[in-house]
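In: Quick one, structure for this:
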Amino acid sequence: MLDVTEFQKIGVGLTGFGLFFLLFGVLLYFDSVLLAFGNILFLTGLAFIIGLRRTTHFFFQRHKLRGSTFFLGGIALVLFRWPIIGMAVETYGFVLLFKSFFPVACGFVLSLLNIPFLNMFYSKFLGSSPSMV
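Out: Down below sits the predicted model:
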C-alpha cells in the first residue's frame, strides 16, 4: 500500500483549494485576486505533494521549458492584474506541459468506461486502441 505523508495530505488540500479558487475566480468574471490566490495555492500544493526538488525538476526540464515559461508567465500576468490574458497564456502553457499525458489519461478513462463509439474514435484518430486493464 502507498504511504501518504502528512505533507502530501496538506498538499492535496492546498491543491484542491487552489483549483476551487481558480474555478471561482473564473466564474466571477476573472477576478484577479481569486485567480492569483488559486494559482499560489495550486503551486504550493503541488510542491507539497511531489516535493520541491521534483516540482522544480518538472517545470525546468529542457523539453518542457517553453510550456513552463508560458505557464509561469501566465501566473505572473494574473498577479500583475491582467487576468484574462494571464489565464489564456497559462492555459496554453498547461497544454504544452501536459500534452504527453493527455493520450494516457484518455486511454485510461476510455478503458474504464468502455464506450464503443469513443473507443472507435480514439483508435481511429490517435492511432492505437486503449488497453483493457
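In: Not counting its neighbours along the chain, what's nearest the residue positioned nearest the centre of the chain?
Out: By CA atoms, centre = their mean, the chain has its centre lying nearest to residue 94, at 6.0 Å. In space, and not counting its chain neighbours, residue 94 is closest to residue 71: 5.8 Å by CB to CB, 6 or more residues apart in numbering. All C-beta atoms are positioned from the backbone trio N, CA, C, and that covers glycine.
In: can you check residue 69 too?
Out: Nearest non-adjacent residue to residue 69, counting by CB to CB, 6+ apart: residue 93, 7.1 Å away.
In: The one you found: helix or strand, and which one exactly?
Out: helix 83-97 (DSSP states H and E).
In: what does the biggest helix by length in the chain contact?
Out: When the chain is parsed with DSSP state H, its longest helix is helix 6-27. Helix 6-27 has contacts (CB atoms under 8 Å, 6 or more residues apart in numbering) with 31-35, 37-50, 83, 87.
In: Worst mean pLDDT across the helices and strands of this protein, which element?
Out: Scoring the helices and strands of the chain by mean pLDDT, DSSP states H and E places helix 116-126 at the bottom, with a mean of 70.
In: quick one: residue 27 and residue 21, what's the gap?
Out: 11 Å (CB to CB, to the nearest Å).
In: That concludes my questions; thank you for your assistance.
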